[in-house]
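[1] Turn this into a structure:
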Amino acid sequence: MAFGLVSLATDMVSDGARPLGGPLLAQLGASALFVGLVTGAAEAAAQGLRLVFGPWADRTGKYWTFTIAGYVLTAVCVPLLALAPLAGSAGLALAAALLIGDRVGKAVRSPAKTVLLAAAAGPAGRGRGFAVHKSLDLAGALLGPLLVSAVLVATGSLSAAFAVLVFPAAAALAILVWLRRRVPDPGDVPSAPVAAVTEFPADAAAPGSAPGSVPASAPGSSPASSSGSALPLANGGRPPSVFSGVFILFAAAAFFWSAGLVAFGVISYHLTADVAVPVAVVPLLYAAAMGAAAVGALASGVLYDRAGAAVLIGLPVLIAGVPVLALAPSAGLVLAGVLVWGAATGIQDSTVKALVADLVPQPRQGTAYGVFAAFEGAGALAGGVLYGTLYGARPVLIAAVAALQAAALVLLLITLRRSRRPSAGHGRAEALT
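    Predicted coordinates for the structure are as follows:
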């Protein structure tokens, strides 16, 4: 519960600022292309840099160190955005750097934090576990925009709206320090080596066990991890490589759907620059999107645990509809697009991670989340360029996003088909769909 409160408070900070990124950049003189580049680069940093910090966390086992560092970076960068309108000609560069810095903080903490969550959620079901945690995040993502919207209504100042976020930032850090003193790093908890349970024939007992006892596992089987989930074993009793064919196919699908899922900064820019929506209303629309994300996360998570990974087929379909609606000239269509965007984001940030956890054994999950996020980050950067360049040519943009989602859907279907097939050392895969 305490860790959930940290996420709630931090999301108040990060997601309170997120819907104001586009209007802030526009106020400072940015073009649609610049907004697309900055928001795309920010999302690319949030995802792609996990490729660095995920393996780093795995190698050191200091998951808490990375988690704390990432939260601190967000807590510092976001309130400092209040200074950008006051910085004169340097304001645009300062705002861009701080917006990207906030997302770098997410990259630093997310792989380590997700490993902690995957281990804790295993016994109850990873789909449900990730979905519930995402819903706690989204509670903060609802409260943050409501807070900054109230400040904007009262003051009309973007600087005041960013400055008020220093209070949930301080609360998040205080809870985190309290929690760290009570929860050890997973690397500090001793566990039996994987190889130790695979050295004996299937009909032989381990040394020291009672005669006739059943061995812990046989070669090629999937012994339970400390979290209660099965760990697929490769030949020789070693955990399989992160770079399995099925995992890479799934990551490639993530690249294509991420390239089509526009950053909200572009949507908020469109709302204020072309649809003439008041800036104070934009955070409320973002809060509505986070409500849709909560529904998407919970619904897809429950369906994942009950029916399998085929539930993810709906993700590219949702994303294909985002530019059709969210960049429309009508405020009503844009609202519908914001809700679709939110639902897609909720699925991407929760249930997608559950399949990654089921495809990769726990000792390599930090690396796997980093590699997977790098694919998503590359897609986000490509998407930022795509949306910024084609912003004024909506029919072409819609067609390009539809083509990207068709490619994502094909790769996802191949992933699901291959993951059904039992293979040596990957017995759990057939249960995924």
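[2] how close does Val282 get to Pro145?
    Using CB to CB, to the nearest Å, we find Val282 at a distance of 8 Å from Pro145. All C-beta atoms are positioned from the backbone trio N, CA, C, and that covers glycine.
[3] Apologies, that question was intended for Pro79.
    Using CB to CB, one gets 16 Å for the distance from Pro79 to Pro145.
[4] Have a look at these two and say which one is more surrounded.
    The residue with the greater number of neighbours, taking Pro79 and Pro145 and applying other CB atoms under 10 Å, is Pro145; the counts read 27 against 21.
[5] rewinding a little: give me the common contacts of Val282 and Pro145.
    When contacts are counted by CB atoms under 8 Å, 6 or more residues apart in numbering, Val282 and Pro145 have Pro19 as shared neighbours.
[6] Only the buried residues of stretch 139-157, if you could.
    Neighbour-count burial for stretch 139-157 flags 139-145, 147-149, 151-152 (criterion: 16 or more other CB atoms under 10 Å).
[7] confidence score at the most centrally placed residue in the chain?
    For the chain, the residue lying nearest the average C-alpha position, counting by CA atoms, centre = their mean, turns out to be Asp349 (3.8 Å). Per-residue confidence for Asp349 comes out at a pLDDT of 82.
[8] mind listing the strands for this protein?
    Per DSSP state E, the chain has no strands. Nothing in it meets that criterion.
[9] Kindly provide the distance from Leu397 to Tyr391.
    Leu397 sits 7 Å away from Tyr391, going by CB to CB.
[10] what does Ser300 give?
    Distance from Ser300 to Tyr391, by CB to CB: 30 Å.
[11] neighbour-wise, which of the two wins?
    The neighbour count for Ser300 versus Tyr391, taken as other CB under 10 Å, is higher for Ser300 (26 against 22).
[12] how close does the nearest residue to the more buried one once chain neighbours are set aside sit to Thr74?
    Excluding the flanking residues, the one nearest Ser300 by CB to CB, 6 or more residues apart in numbering is Thr351, at 4.2 Å. Thr351 sits 24 Å away from Thr74, going by CB to CB.
[13] What residues does the nearest residue to Ser110 once chain neighbours are set aside make contact with?
    Counting by CB to CB, 6+ apart, Ser110 lies nearest to Arg50, which is 5.9 Å off, once chain neighbours are set aside. When the contact criterion is CB under 8 Å, 6+ apart, the partners of Arg50 are 107, 110-111, 369-370, 373-374, 377.
[14] Sitting in helices, which of those residues do you find?
    Secondary structure defined by DSSP state H assigns 107, 110-111, 369-370, 373-374, 377 of those to helices.
[15] about what we covered before: present the buried residues of stretch 139-157 as JSON lines; the columns should include distance to Ser14 and pLDDT.
    Formatted as JSON lines, the entries for those read as follows, by distance: CB to CB, whole Å; pLDDT from 0 to 100:
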{"residue": "Ala139", "distance to Ser14": "13", "pLDDT": "82"}
{"residue": "Gly140", "distance to Ser14": "8", "pLDDT": "87"}
{"residue": "Ala141", "distance to Ser14": "8", "pLDDT": "82"}
{"residue": "Leu142", "distance to Ser14": "13", "pLDDT": "86"}
{"residue": "Leu143", "distance to Ser14": "12", "pLDDT": "91"}
{"residue": "Gly144", "distance to Ser14": "7", "pLDDT": "93"}
{"residue": "Pro145", "distance to Ser14": "11", "pLDDT": "93"}
{"residue": "Leu147", "distance to Ser14": "12", "pLDDT": "96"}
{"residue": "Val148", "distance to Ser14": "12", "pLDDT": "96"}
{"residue": "Ser149", "distance to Ser14": "16", "pLDDT": "95"}
{"residue": "Val151", "distance to Ser14": "16", "pLDDT": "96"}
{"residue": "Leu152", "distance to Ser14": "17", "pLDDT": "96"}
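[16] Return the member of these nearest to Ala406.
    Ala406 lies nearest to Ala141 out of those, by CB to CB, at 29.9 Å.
[17] give me every residue that touches that closest one.
    With CB under 8 Å, 6+ apart as the criterion, the residues that contact Ala141 are 11-12, 15, 286-287, 290, 293.
[18] let's see it at 7 Å
    Applying CB atoms under 7 Å, 6 or more residues apart in numbering to Ala141 gives the contacts 11, 15, 290.
[19] what's the answer for Gly370, then?
    With the criterion set at CB under 7 Å, 6+ apart, Gly370 makes contact with 50-55, 111.
[20] now, which of the residues you listed sits nearest Ala331?
    Out of these, the member with the shortest distance to Ala331 (by CB to CB) is Arg50, at 35.7 Å.
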